[in-house]
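**Student:** Sequence plus the predicted model coming up.
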Amino acid sequence: MEQSVVYRPRRWVLPTVVLAQFAGTSLWFAGNIVLPDLLRATHLTGSSLGTMVSAVQLGFIVGTLCFALLLLADRVSPSRLFLLSAVAGSLANLALLVPAQTPVSLLALRFGTGLCLAGIYPVGMKIAADYFVGGLGKALGYLVGALVLGTALPHLLRWLTAGFAWQAVVLATSGLACGGGLLLWLLVPDGPFRRPGSRLQFSAVRAVWRHRPFRQAACGYFGHMWELYTFWAFVPLLLATYSRLHPGGSVPAAGLAFLLIAAGAPACVASGYVAQRLGTLRTARLALWVSGSCCLLSPLLLLYLPLPWFAVLMVVWGMAVVADSPQFSTLVAQHAPAALKGTALTLVTCLGFALTIVSLQCFTALQAYCEARYLFLLLAPGPFLGLWATRNAGRVSG
């Protein structure tokens, strides 16, 4: 305990981990941004956006479980594992440029990218935990913010490279991810508080779930995840629907899409500071209230708001939809039984991302039957079920 008070990480450690996390997670949505151009270039049809995103999510889930079962982050240097994952993810992303693609090969490449992201996002969190025993919550806010920026980056690149071939986005994100992995490996060695983690124990699932504060925090996280990735994936549809309903205006779709998603990055950082005053749970619930209200009001916002007000409220939605993420992660970590922390965190992460696949596929299926401006109502059950699950949790949470 005394060591954790005395030790101070070098000042470049957290910025380097944040930058590498940002660069690596830019791979997450890179294939989706260029999907229409990719399909035209390869003369393919029928590979929907929701299916492409689900392939990445499924790869991430499988990768996370495999990493936990094999104890890779404990057996291999986390910095080296991050580098290997970033390089492999870059190659899987670059492979989208190979001609003669098929729907199966596209989905396989996106699945492979998700596998590699399991060695970037969670391993980046572990590296931070190996350095920041004190102040981990604040570091976590910066890292989730980096994930948000990395997710939004392909939209910005698509906007900036509008006069260039779509391949530029793929090349840029692959180069960034590879460079970020190399930078972290060179500047951030294994942390001083690195300890072997607990083995994944499926027999312990029942014991973990019986712990009520943990169960409430996990259900709040699940409600958050139902909304988050489907919102991110279909931001272009949201903006296209507004443009169709307001044909007289000009909506800068790619730039506004980047802004909507990227706004979540400072929101994640700010939520850590807000939580110091309101408490972790209250901050998370406040974000759920705001994002859930935006879901319910989305048909009216799309139909009646002028562009400036629409853009402002969409940015607010983009902030609220992810501001609760570091807070629920903190609550899950706080309330996981100490002896089963590795098992609990792995299972909650995997189940949360599995839920995103259900949400994405439901949203995709409803597109054939529902007018586009009503589709985002499907996201509302997530935040409101999260609010219901955590309604009495304040008695046991801060």
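**Tutor:** Received the coordinates, thanks.
**Student:** Break down the stretch 1-150 of the chain into its helices, ranges please.
**Tutor:** 2-6, 13-25, 30-33, 35-42, 49-70, 72-75, 78-94, 103-117, 121-131, 136-160 (DSSP state H, counting those that start in this stretch).
**Student:** Using a markdown table, lay out these together with mean neighbour count, distance to L260 and mean pLDDT.
**Tutor:** Any C-beta I mention is one placed from the backbone N, CA and C, and that applies to glycine too. As requested, the helices of the stretch 1-150 of the chain are exported to a markdown table (neighbours: other C-beta atoms under 10 Å; distance: least, C-beta to C-beta, whole Å; pLDDT from 0 to 100):
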| stretch | mean neighbour count | distance to L260 | mean pLDDT |
| --- | --- | --- | --- |
| helix 2-6 | 8 | 39 | 45 |
| helix 13-25 | 24 | 17 | 87 |
| helix 30-33 | 26 | 14 | 76 |
| helix 35-42 | 16 | 18 | 73 |
| helix 49-70 | 21 | 16 | 83 |
| helix 72-75 | 17 | 33 | 71 |
| helix 78-94 | 23 | 23 | 93 |
| helix 103-117 | 21 | 21 | 90 |
| helix 121-131 | 23 | 21 | 77 |
| helix 136-160 | 24 | 8 | 77 |
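**Student:** could you redo those as CSV and give each row distance to Y229?
**Tutor:** What follows is the helices of the stretch 1-150 of the chain, written out as CSV (distance: least, C-beta to C-beta, whole Å):
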stretch, distance to Y229
helix 2-6, 34
helix 13-25, 12
helix 30-33, 11
helix 35-42, 16
helix 49-70, 7
helix 72-75, 23
helix 78-94, 18
helix 103-117, 12
helix 121-131, 13
helix 136-160, 9
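**Student:** Quick one: neighbours of L387, just the number.
**Tutor:** 16 (other C-beta atoms under 10 Å).
**Student:** is it true that it touches V290?
**Tutor:** No - L387 lies out of contact with V290 (C-beta atoms under 8 Å); the separation is 11.1 Å.
**Student:** so which of the helices of the stretch 1-150 of the chain comes closest to L377?
**Tutor:** Closest of these to L377 is helix 49-70, at 16.4 Å (criterion: C-beta to C-beta).
**Student:** what angle separates that closest one from helix 78-94?
**Tutor:** 150 degrees (axes from the mean of the first three to the mean of the last three C-alpha atoms, to 10 degrees).
**Student:** I'd assumed A177 was in contact with S26.
**Tutor:** Yes - taking contacts as C-beta under 8 Å, S26 lies within contact range of A177: 6.2 Å.
**Student:** Of the two, give the one with the bigger neighbour count.
**Tutor:** More neighbours surround A177 than the other of S26 and A177, with 33 against 28 (other C-beta under 10 Å).
**Student:** Tell me who's in contact with the more buried one.
**Tutor:** A23, G24, S26, L27, A86, G89, S90, N93, I120 (C-beta atoms under 8 Å, 6 or more residues apart in numbering).
**Student:** The helix or strand hosting A365 - contacts with which helices or strands?
**Tutor:** Assessed by DSSP states H and E, A365 sits inside helix 341-366. Judged by 3 or more C-beta pairs under 8 Å, 6 or more residues apart in numbering; DSSP states H and E, the packing partners of helix 341-366 are helix 49-70, helix 205-209, helix 212-233, helix 325-335.
**Student:** Let me know the angle separating the next helix or strand after that helix from helix 341-366.
**Tutor:** Going down the chain from helix 341-366, the next helix or strand is helix 381-389, by DSSP H and E. Relative orientation of helix 381-389 versus helix 341-366 (the same axes, to 10 degrees): 140 degrees.
**Student:** Dump helix 381-389 to PDB, restricted to CA.
**Tutor:** Taking Å, rounded to 0.1, in the frame of the first residue of the first chain, the C-alpha atoms of helix 381-389 are listed here in PDB:
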ATOM      1  CA  PRO A 381     -35.400   0.300 -23.600                       C
ATOM      2  CA  GLY A 382     -31.700   0.100 -22.900                       C
ATOM      3  CA  PRO A 383     -31.200   3.300 -20.800                       C
ATOM      4  CA  PHE A 384     -34.600   3.000 -19.100                       C
ATOM      5  CA  LEU A 385     -34.000  -0.600 -18.100                       C
ATOM      6  CA  GLY A 386     -30.600   0.500 -16.800                       C
ATOM      7  CA  LEU A 387     -32.300   3.200 -14.700                       C
ATOM      8  CA  TRP A 388     -34.800   0.700 -13.400                       C
ATOM      9  CA  ALA A 389     -32.100  -1.800 -12.500                       C
END
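**Student:** who's in contact with it?
**Tutor:** Residues contacting helix 381-389 (C-beta under 8 Å, 6+ apart): 216, 219-227, 285, 288-289, 291-292, 295, 359.
**Student:** who touches the closest residue to A262 other than its chain neighbours in this structure?
**Tutor:** Of all residues not flanking A262 in the chain, A152 sits nearest, at 4.0 Å (C-beta to C-beta, 6 or more residues apart in numbering). A152 is in contact with A257, F258, L260, I261, A262, G264, A265, counting by C-beta under 8 Å, 6+ apart.
**Student:** what's the helix or strand for the third one?
**Tutor:** By that I understand L260. helix 253-262.
**Student:** Which secondary structure elements does the next helix-or-strand element following that helix sit against?
**Tutor:** Of the helices and strands lying after helix 253-262 in sequence (DSSP H and E), the nearest is helix 264-278. Packing partners of helix 264-278 (3+ C-beta pairs under 8 Å, 6+ apart): helix 136-160, helix 280-304, helix 307-323, helix 325-335.
**Student:** For helix 264-278, could you pull out the residues that count as buried?
**Tutor:** Under the neighbour-count criterion of 16 or more other C-beta atoms under 10 Å, helix 264-278 has G264, A265, A267, C268, V269, S271, G272, V274, A275, L278 buried.
**Student:** just those residues: which has the poorest pLDDT?
**Tutor:** Among the buried residues of helix 264-278, G272 has the lowest pLDDT, at 80.
**Student:** Skipping its backbone neighbours, what lies nearest that residue in space?
**Tutor:** G141 (3.6 Å).
**Student:** And that neighbour, how far from Y374?
**Tutor:** Distance, G141 to Y374, by C-beta to C-beta, to the nearest Å: 34 Å.
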